[in-house]
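> Structure of the sequence below:
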Amino acid sequence: PLFMAPEIINGGQYTKECDVYSLGSVVFMLCAGYAAYSTATTIEDLQSLKQERVDLSSLRENYSEELVNAIDSMMMPETCRPSANEILGWEWLQHYPVLEPDSEPFDLDFPSVISNELQARLELQDAQATESSSSCVQGDATTTKNPVLTI
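The predicted structure is shown next:
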């Protein structure tokens with residue numbers, strides 16, 4: 001529910017603008033580190049909070065005005081939100097690559113990527129453990145610290 005457009009929470013119809021609101025909510029969370037209305041504990045709280053504009057002051061210190069304004073516009077009331085095409089046309093986004101609709105699908109083998117990433121991290125931690133292998137004395141026994149995989 002935290003990413004749902006207010007009109008959906010209030011029982012309204014789904015429209016494409018709902019997706020724009022959800023996109024704004026996700027971008028807000030990626031930037032802020034928490035959901036915009038994370039203080040809501042009930043659907044009623046959420047309905048009430050989503051009638052207010054989201055507080056973007058914490059983002060203004062660390063992010064460009066363009067990004068903060070983009071989040072703000074995507075989380076506006078339904079009739080004021082930009083369309084997906086308008087978002088893709090924003091001038092400040094133009095220097096980022098976007099796949100064209102008729103381009104070849106981007107084929108990424110996620111299991112392979114994840115496996116390679118885990119293997120690389122294990123090798124790095126193994127190397128670090130070898131470099132700094134330290135002994136721990138526990139009573140009469142001496143043990144070697146084992147690295148723990150951190151993901």
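> Run through the strands of the chain in chain order.
Ranges of strands in the chain, per DSSP state E, are 135-138, 141-144.
> I'd like to know how far Arg60 sits from Thr39.
20 Å (Cβ to Cβ, to the nearest Å). (C-beta placed from N, C-alpha, C; glycine too.)
> Please disregard the earlier target; I meant Glu123.
Remark: distance between Glu123 and Thr39 (Cβ to Cβ) = 43 Å.
> same question, Thr79
For Thr79 relative to Thr39 (Cβ to Cβ), the value is 26 Å.
> Those two: who's more crowded?
Set Thr79 next to Thr39 and count neighbours by other Cβ atoms under 10 Å: Thr39 wins out with 10 against 7.
> dump the residue contacts of that one.
Shown in contact with Thr39 (Cβ atoms under 8 Å, 6 or more residues apart in numbering): 45, 49.
> And the pLDDT at it?
You'll see Thr39 listed with a pLDDT of 77.
> Before I go, just wanted to say thanks for your time.
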